[in-house]
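Student: coords please:
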Amino acid sequence: MHQRLSTRVDRLKGIPYEPEDRGDGNPNIGFRPLKGRPHESSLIPEARDEPGLLYALTRLNAADTPFFTAGCEKCYNFMGVSARPIGYLEFVHNSIAAARVEESYWQLAAEFDNELTQTAYELPVEFEYIVSPTRFNTHGFDGYSAAVYVKNCEYSPYRVARRQWRQAVHFLANFLCARPGAVPPLFYPT
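Tutor: Predicted structure coming up:
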């Protein structure tokens with residue numbers, strides 16, 4: 001496995017999920033379906049001021065990609081004039097059959113590992129790939145989703161750190177968008 005990639009399994013979650021007040025002035029707006037409506041990505045508060053996340057949401061929710069997004073977040077972690085950005089992008093196979101199969105997500109992780117190796121990825125930004133059992137509440141079945149945490153390895157000058165983090169998020173989004181199209185039936189027909 002590429003030195004910049006780690007994997008794990010997480011806890012059960014539900015999609016869609018309700019809004020919640022985190023008590024920090026940055027409320028979670030809940031799940032907002034964007035598939036086929038990527039122009040609405042700018043309505044997501046977590047992405048509004050972060051071009052990397054906005055790019056990823058817009059790209060992944062385009063009609064021709066095999067995924068839809070389920071959530072995202074970012075934090076810059078300041079230390080003086082330096083920063084260490086960390087954030088995540090959560091996504092689901094738009095194909096209901098693929099979303100039901102845990103192995104489809106681990107196969108994607110293996111392909112991402114291969115992409116990191118073949119492109120000689122060297123940015124000082126790590127990826128943590130997490131697969132979670134997921135209850136698709138409005139569809140009434142269980143399946144899986146994946147979240148990829150994108151984490152700068154070290155504190156760097158703010159502009160440098162943010163640029164590196166954004167490049168890593170673009171790398172991830174471009175990789176996901178290059179996967180073969182979704183096989184019907186779909187969560188969000190396009």
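Student: And the helices in the chain, which stretches?
Tutor: Listed in chain order, the helices of the chain (DSSP state H) span 45-48, 51-60, 96-99, 102-118, 158-177.
Student: Report the separation between the residue of the chain most remote from its centre and G181.
Tutor: The centre of the chain is farthest from one residue, G80, which by CA atoms, centre = their mean lies 28.3 Å away. G80 sits 46 Å away from G181, going by CB to CB, to the nearest Å. C-beta: built from backbone N, CA, C; applies to glycine.
Student: Including mean neighbour count, distance to D10 and mean pLDDT, could the helices of the chain go into TSV?
Tutor: Converted to TSV, the helices of the chain look like this (neighbours: other CB atoms under 10 Å; distance: least, CB to CB, whole Å; pLDDT from 0 to 100):
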stretch	mean neighbour count	distance to D10	mean pLDDT
helix 45-48	17	19	87
helix 51-60	22	20	96
helix 96-99	20	16	97
helix 102-118	16	11	97
helix 158-177	19	18	97
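Student: Nearest to Y144, out of those?
Tutor: Nearest to Y144, of all the helices of the chain, is helix 102-118, at 5.0 Å by CB to CB.
Student: Give me the contacts around that closest one.
Tutor: 1-2, 4-5, 7, 93, 98, 121, 127, 129, 131, 133, 144-146, 172, 175-176, 179 (CB atoms under 8 Å, 6 or more residues apart in numbering).
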